[in-house]
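*Asks:* pasting the sequence and the predicted coordinates here, then a few questions.
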Amino acid sequence: MTHKQKWLLFAPAGLLVVGFGSCLIQWAAKMKEDEAPTTQWLGAGTVALGVFNAGLSLLGRGIVENALYEIREKGPSAVAVDSIAPAMFVE
């Protein structure tokens with residue numbers, strides 16, 4: 001699988017899972033607000049945060065694959081290190 005294919009897989013999947021996780025977080029908060037038993041909303045909230053964080057991980061992986069794809073396509077010039085480095089040494 002190429003970096004571009006991975007990027008096009010992970011980035012949208014990450015966005016979908018983040019959105020689903022945020023909906024689950026809201027659902028668990030509503031359970032707490034409705035005074036559901038503590039174990040019920042606590043378990044739901046824990047799973048919701050796990051789903052949300054998994055989405056962030058997928059999204060991050062998509063960003064990494066995009067960077068690797070750009071470096072492979074454009075070469076090392078895709079990384080703009082030269083324009084950043086001199087600014088660090090300005091007195």
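*Replies:* Done, it's in.

*Asks:* where does pLDDT dip in the protein?
*Replies:* Counting by pLDDT under 70, the chain shows low-confidence ranges at 76-91.

*Asks:* other SSEs contacting the longest helix belonging to it?
*Replies:* Counting residues, the longest helix found in the chain (DSSP state H) is helix 38-74. The criterion is 3 or more CB pairs under 8 Å, 6 or more residues apart in numbering; DSSP states H and E, and the helices and strands that helix 38-74 contacts are helix 3-33. Just so you know, the C-beta spots here come from the backbone N, C-alpha and C atoms, and that holds for glycine as well.

*Asks:* in the helix it packs on, what counts as buried?
*Replies:* For helix 3-33, the neighbour count (16 or more other CB atoms under 10 Å) marks 3, 6-7, 10-11, 13-14, 17-18, 21, 24-25, 28, 31 as buried.

*Asks:* quick one, it and helix 38-74 angle?
*Replies:* Helix 3-33 and helix 38-74 are oriented at 160 degrees to each other (axes from the mean of the first three to the mean of the last three CA atoms, to 10 degrees).

*Asks:* residue 45 is in contact with residue 25, isn't it?
*Replies:* Yes: contact status for residue 45 versus residue 25: in contact at 6.9 Å, counting by CB atoms under 8 Å.

*Asks:* who are the contact partners of residue 60?
*Replies:* Each residue near residue 60 by CB atoms under 8 Å, 6 or more residues apart in numbering is listed here: residue 14.

*Asks:* distance of it from residue 51?
*Replies:* Using CB to CB, to the nearest Å, one obtains 15 Å as the distance from residue 60 to residue 51.

*Asks:* centre-most residue in this protein?
*Replies:* Most central in the chain under CA atoms, centre = their mean is residue 56, positioned 2.4 Å from the mean C-alpha point.

*Asks:* got the contact list for it?
*Replies:* Under the criterion of CB under 8 Å, 6+ apart, the neighbours of residue 56 are 14, 18.

*Asks:* check contacts around residue 14.
*Replies:* 55, 56, 57, 58, 59, 60, 61, 62.

*Asks:* I meant to write residue 63 there.
*Replies:* By CB under 8 Å, 6+ apart, the contact set of residue 63 is residue 11.
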